[in-house]
Structures are given as structure tokens and as C-alpha cells.
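1. Quick one: sequence and predicted model below, then my questions.
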Amino acid sequence: MGNSLHRDVHQATTWSIVLSASMIFAGILALFVPAMTGVAVTLVVGWLLIISGILHLGFAWRASGPGTVVWEILLAVVYAATGFYLLANPVMGLEAITLALAMYLVCEGALEFVLAFALRPLPGTGWLVFDGIVTLLLAVLIWRGWPTSSTWVVGTLVGISMFFSGLTRLMISMAVRRIAA
């Protein structure tokens with residue numbers, strides 16, 4: 001029984017290591033071609049919005065009350081129209097996503113300051129202020145360079161995320177393998 005478990009863990013961690021290496025490679029590739037990565041992200045978001053529009057239309061059939069039906073149909077139209085726009089104009093869609101990201105970062109940075117102020121007597125709240133400053137600086141960097149920054153922002157952030165997710169998964173898989181050995 002123990003030998004079977006060891007073999008199963010070894011096999012599972014082997015696949016996890018292979019997938020981790022693939023994620024690391026994909027992240028590095030995304031960092032080398034951030035514009036293509038950004039457009040790919042825009043296309044995926046476009047398809048997800050279309051699927052969401054279809055689902056909202058489906059929910060309209062199951063809705064109770066005419067107000068809910070109208071609301072679901074309106075949401076379906078907005079989601080689907082936005083999705084089709086992103087698919088038809090992926091570069092402009094990438095610009096819109098980049099601008100939305102900058103606005104999100106401004107909100108996040110502001111909330112970090114509010115949280116730091118609310119928790120200020122506690123130790124470590126300086127890190128919240130630091131996080132807020134870095135987040136706002138990133139937002140300003142993106143916004144000041146917009147729309148030109150659209151060619152690198154989304155793709156670079158996705159590449160960094162993929163790289164570190166793969167690296168984290170690799171380290172965890174190797175640790176599990178060492179423990180099970």
C-alpha cells in the first residue's frame with residue numbers, strides 16, 4: 001500500500017513539474033511578446049463576455065417577473081456587444097482593458113490608504129501605505145503612457161503572473177516529492 005502511494009505521489013508530482021515548467025516557459029514567452037499576449041487576453045475576455053451574454057439570455061427565460069426578464073436581456077446585450085467589439089477590435093479593446101486596469105489600480109491604492117488609516121495604531125500598517133504608494137505609482141505609469149502603454153502592460157502582467165505561478169507550483173511539487181520520498 002505504501003509503495004503504491006509513493007508511486008502515485010511521484011507520478012502526480014512529475015506531471016505537476018512538467019506543467020509548472022510549461023507555465024514558466026509560457027510566462028517567459030509572454031514577456032518577450034507582451035503585445036501579442038495582451039491581444040490574446042483581449043480575445044479571451046471577448047469570448048468570455050459573449051458566453052456571459054448567452055448565459056444572461058438563458059437566465060432571462062428562467063427569470064420571474066417582467067422586470068427581471070428585461071434586466072437579464074439588457075445585460076445579455078451589453079455583455080455580448082462588448083464581447084463582439086473586443087473580438088472585432090482587439091487592439092482598441094486592449095487599450096480599454098489597460099485603461100480599466102489603471103482605474104482599478106487607482107481604486108486599490110486609495111483603498112490601501114483608507115485601510116492603513118483605519119488600522120494605523122496596529123503595527124505593520126506602514127506596509128499598507130507602501131503598497132498603496134506602489135499601486136498608485138503603477139497606475140500613474142500606466143495612465144500617463146496610455147494608450148501606448150497598452151502594448152506592454154497587460155501582456156507583461158500576465159507573463160509575470162504565469163511565470164511566478166509556474167515557479168510557485170514547481171517549488172511546491174518538488175517539496176511534496178521530497179517529503180514523499
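-> Sure, I can see it. Residues are numbered from 1 along each chain as shown.
2. could you say what helices and strands the strand or helix carrying residue 74 packs with?
-> Using DSSP states H and E, residue 74 sits within helix 66-88. If you count contacts as 3 or more Cβ pairs under 8 Å, 6 or more residues apart in numbering; DSSP states H and E, helix 66-88 packs onto helix 34-62, helix 90-118. No exception for glycine: its C-beta is placed from N, CA and C like everyone else's.
3. how about TSV for those helices, with distance to residue 69, mean neighbour count and mean pLDDT added?
-> Output for the helices and strands packed on helix 66-88, formatted as TSV (distance: least, Cβ to Cβ, whole Å; neighbours: other Cβ atoms under 10 Å; pLDDT from 0 to 100):
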stretch	distance to residue 69	mean neighbour count	mean pLDDT
helix 34-62	5	17	93
helix 90-118	29	17	90
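4. among those helices, which is nearest residue 137?
-> helix 90-118 (8.3 Å; Cβ to Cβ).
5. Report the central residue of this structure.
-> residue 158 (7.0 Å; Cα atoms, centre = their mean).
6. so where does it fall, helix or strand?
-> Going by DSSP H and E, residue 158 is part of helix 153-180.
7. Equivalent analysis for residue 16, please.
-> Going by DSSP H and E, residue 16 is part of helix 2-32.
8. List the buried residues in that helix.
-> By 16 or more other Cβ atoms under 10 Å, the buried positions in helix 2-32 come out as 13, 16, 17, 20, 23, 24, 26, 27, 30, 31.
9. what does stretch 120-133 give?
-> Buried, per 16+ other Cβ under 10 Å, within stretch 120-133: 128, 131, 132.
10. Now intersect these with the helices, please.
-> 128, 131, 132 (DSSP state H).
11. residues touching the residue nearest to the last one when sequence neighbours are not counted, list them.
-> In space, residue 132 comes closest to residue 112 once its chain neighbours are excluded; the distance is 3.3 Å by Cβ to Cβ, 6 or more residues apart in numbering. Each residue near residue 112 by Cβ atoms under 8 Å, 6 or more residues apart in numbering is listed here: 128, 129, 131, 132, 135.
12. All set now, cheers.
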